[in-house]
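Visitor: Have a look at this fold, sequence not included:
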């Protein structure tokens, strides 16, 4: 024992033992790391394998085989695919076995065989992925039609669920048609079931036909959801109520004695009621294609009929007013005809007015015809042989004719009155102008002006010529009214202007006299005042009254600024 202890106590032995322990620990660490590395690689390979296995190749192949039984064109391709599928499955089974063996070796820590197994597994899985990918692509191409149909039917099912929900919410509103509407919803559900049966049988052609049938039925349901409630409202309530209102109006107008036979109200209402009853049967069965247009057509017919009744009612109220208007116009035309006839003999000579005989004959004939036609219209109305609307139309036409002839008569009557009025005005204005001429001469004489300008004499002579021209024109027959008015206007402008000038001259001369008289008391005291006033007197004697006034006022301003205003006031007072 001592010998053993002594041996173990030797330094060489201790070092050897430590070295062995280190080597053992290092081996265990390396071995653990290798196992961990292989485990990671194994897990990755296992994930790839599971990914391959997750692709439902058997299901797709069964579908493809079922399709091939119906479609002979793809039979050979599907048979070849089955062979590839078997090879792929064998490879996958081999991979599964190798994975199990590799897992066992890893558990037991056998690293040497695991390394080769992992290499073999990677190669097998690479091959398996290629095989599965190839098969999957081929089978998807075969099943593409089914995939598309599945996507379509899923969308249709979602749309149908929404439409069904909306329909159920409106069930009370469309209660009139709900039993048939509900049946249509049930039919669509049955179509979906039939579609699934054809899909299960892999008869995609029949499934496609059923899919189109479902689409059409869903469109019908969507149209029903959008329009059925409104159509029921219009067909069951709006139109019948409107028809009742029209029938009520019709009966009221009949009681008032208004002629309505030409409108055929009862016949039209009965025709619409019959057609509406047939449409209601269709609506009850949810067969509303074209119903909307029919209802709109009925509504337009009713509006037209209602407007026709209102028109007859309004015409019945308006007819007497139109009659009174025509009578009033005919009476005015008659008075104008009589007036023109009475005045024409004098007017045609005095004013040179001609061609009124033809107008008077036409007026008398036309008014008589209008009166006769109006009497015939009212006779037909009273005998219920003429609608009020037609009578109103005819009477309005007569009214226009009466207004046309009356306008012509009024125009010629005004023409006569204007000519007579112009002559009267000319005589009155001539008298006024003669008075002004006389006043003007008197004013010049009484003012004792030291000098009158030659222009005044010329203007006065021209004024007398104007007066003589007016007298001459008035005395002529026929009277040239246009020339008379023109000459009279020119005469008035000229003579009144001359009258104003005379007033200004006389007033200015008077102001000069007053100013000089006012300044005379300063002559002896202011030599320059005396000189300036002498100049003003000289201008006054020469007829330069404005210049004389300026000099006189300027002279007085030197002594008493503002005194000329007093002179003006005195002049106004004296005037």
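Guide: Sure, I can see it. Owing to the predicted nature of the structure, the values given are computational and were not obtained by experimental measurement.
Visitor: avg pLDDT for the helix or strand hosting residue 371?
Guide: Following DSSP states H and E, one finds residue 371 within helix 356-382. Mean pLDDT, computed over helix 356-382, is 75.
Visitor: cool, stretch 553-563 as well?
Guide: On average, stretch 553-563 scores 73.
Visitor: residues contacting the nearest residue to residue 269 once chain neighbours are set aside?
Guide: Excluding its sequence neighbours, the residue lying closest to residue 269 (CB to CB, 6 or more residues apart in numbering) is residue 243, at 5.7 Å. Using the backbone N, CA and C atoms, a C-beta is placed for each residue, glycine as well. Contacts of residue 243 were listed using CB atoms under 8 Å, 6 or more residues apart in numbering, and they are 269, 272-273, 302.
Visitor: which of the residues you listed lies closest to residue 448?
Guide: Closest approach to residue 448 among those (CB to CB): residue 302, at 98.7 Å.
Visitor: Check what pLDDT that closest one gets.
Guide: 89.
Visitor: Burial check on it, number of neighbours?
Guide: Residue 302 has 19 neighbours, counted by other CB atoms under 10 Å.
Visitor: From what I see, it and residue 246 are in contact.
Guide: Yes. Between residue 302 and residue 246 there is a contact at 6.2 Å, judged by CB atoms under 8 Å.
Visitor: Show me where the stretch 101-250 of the chain dips below the pLDDT cut-off.
Guide: Filtered on pLDDT under 70, the stretch 101-250 of the chain yields the residue ranges 106-107, 109-112, 114, 135-149, 199-204.
Visitor: so where do the helices sit in it?
Guide: Using DSSP state H, counting those that start in this stretch, the helices found in the stretch 101-250 of the chain span residues 111-169, 178-200, 204-233, 239-255.
Visitor: can you put those in a markdown table and add distance to residue 535?
Guide: Listed next are the helices of the stretch 101-250 of the chain as a markdown table, based on distance: least, CB to CB, whole Å:
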| stretch | distance to residue 535 |
| --- | --- |
| helix 111-169 | 116 |
| helix 178-200 | 122 |
| helix 204-233 | 108 |
| helix 239-255 | 101 |
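Visitor: Which of those sits closest to residue 434?
Guide: Taking the helices of the stretch 101-250 of the chain one by one with CB to CB, helix 239-255 is closest: 73.0 Å.
Visitor: Might you calculate how far the closest one sits from the centre of the chain?
Guide: 35 Å (CA atoms, centre = their mean, to the nearest Å).
Visitor: Same question for stretch 313-324.
Guide: With CA atoms, centre = their mean, you get 37 Å for stretch 313-324.
Visitor: Could you give me the buried positions within it?
Guide: 313, 315-316, 318-319, 322-323 (16 or more other CB atoms under 10 Å).
Visitor: Next: stretch 446-463.
Guide: Buried, per 16+ other CB under 10 Å, within stretch 446-463: 449, 456, 459-460, 463.
Visitor: Residue ranges of each domain in the chain, please.
Guide: Under the assignment automatic domain parsing, the domains of the chain span 4-147, 175-289, 310-425, 447-574.
Visitor: Any chance of those in a markdown table with distance to residue 432 as columns?
Guide: Listed next are the domains of the chain as a markdown table, based on distance: least, CB to CB, whole Å:
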| stretch | distance to residue 432 |
| --- | --- |
| domain 4-147 | 114 |
| domain 175-289 | 65 |
| domain 310-425 | 10 |
| domain 447-574 | 8 |
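Visitor: Any idea which of those gets closest to residue 159?
Guide: Using CB to CB, the nearest of these to residue 159 is domain 175-289, at 6.1 Å.
Visitor: and of the buried residues of stretch 446-463, the nearest to residue 435?
Guide: residue 463 (12.6 Å).
Visitor: Show the contacting residues for that closest one.
Guide: 437, 491, 494-495, 498 are the contacts of residue 463 under CB under 8 Å, 6+ apart.
Visitor: so how far is the helix or strand encompassing it from its chain's centroid?
Guide: In the assignment (DSSP H and E), residue 463 maps to helix 454-475. Taking CA atoms, centre = their mean, one finds helix 454-475 lying 70 Å from the centre of the chain it belongs to.
Visitor: can you offset everything so residue one is 22?
Guide: All right, first residue 22 from here; so that's helix 475-496.
Visitor: what is the rounded mean pLDDT of whatever helix or strand comes next after that helix?
Guide: With elements assigned by DSSP H and E, the helix or strand that comes after helix 475-496 is helix 502-540. If you average the pLDDT over helix 502-540, you get 78.
Visitor: Show me what the very next helix or strand once past helix 502-540 is packed up against.
Guide: Per DSSP H and E, the first helix or strand lying C-terminal to helix 502-540 is helix 548-562. For helix 548-562, the packing partners by 3 or more CB pairs under 8 Å, 6 or more residues apart in numbering; DSSP states H and E come out as helix 502-540, helix 566-580.
Visitor: what does helix 548-562 contact?
Guide: With contacts defined as CB under 8 Å, 6+ apart, helix 548-562 is touched by 471-472, 530, 533-534, 536-537, 540-541, 543-545, 566, 568-570, 572-573, 575-576, 579-580.
Visitor: just checking, residue 242 touches residue 206?
Guide: Yes. Residue 242 is within contact range of residue 206, at 6.9 Å (criterion: CB under 8 Å).
Visitor: Among the two, which residue is more densely surrounded?
Guide: residue 242 (23 against 16).
Visitor: Excluding covalently adjacent residues, which one is nearest to the more buried one?
Guide: Using CB to CB, 6+ apart, the nearest residue to residue 242 is residue 184, at 5.1 Å.
Visitor: That neighbour contacts residue 239, doesn't it?
Guide: Yes. Contact status for residue 184 versus residue 239: in contact at 6.7 Å, counting by CB under 8 Å.
Visitor: Overlap in contacts, the two.
Guide: With CB under 8 Å, 6+ apart, residue 184 and residue 239 have no common neighbours.
Visitor: if I pick the residue nearest to residue 242, what's in contact with it?
Guide: By CB under 8 Å, 6+ apart, the neighbours of residue 184 are 239, 242-243, 246.
Visitor: roughly how far apart are it and residue 569?
Guide: Distance of residue 184 to residue 569, given as CB to CB, to the nearest Å: 114 Å.
Visitor: cool, and residue 402?
Guide: Residue 402 is 90 Å from residue 569, by CB to CB.
Visitor: who has more neighbours, those two?
Guide: Ranked by neighbour count (other CB under 10 Å), residue 402 and residue 569 place residue 569 first, with 26 against 21.
Visitor: Not counting sequence-adjacent ones, nearest residue to that one?
Guide: Ranked by CB to CB, 6+ apart and with sequence neighbours excluded, the top spatial neighbour of residue 569 is residue 560, at 3.8 Å.
Visitor: who touches residue 69 in this structure?
Guide: Residues near residue 69 by CB under 8 Å, 6+ apart: 146, 150.
Visitor: what helix or strand is it on?
Guide: Per DSSP H and E: helix 32-75 holds residue 69.
Visitor: average pLDDT for that helix?
Guide: 70.
Visitor: What is the burial count for the closest residue to residue 145 other than its chain neighbours?
Guide: Nearest in space to residue 145, with sequence neighbours left out and distances taken as CB to CB, 6+ apart, is residue 116 at 4.9 Å. Neighbourhood size, residue 116 [other CB under 10 Å]: 22.
Visitor: cool, residue 392 as well?
Guide: Residue 392, neighbours per other CB under 10 Å, totals 16.
Visitor: my guess is it meets residue 350, correct?
Guide: No. Using CB under 8 Å as the test, residue 392 is too far from residue 350 to be in contact (11.0 Å).
Visitor: still on that earlier bit, nearest to residue 75, out of the helices of the stretch 122-271 of the chain?
Guide: helix 132-190 (9.8 Å).
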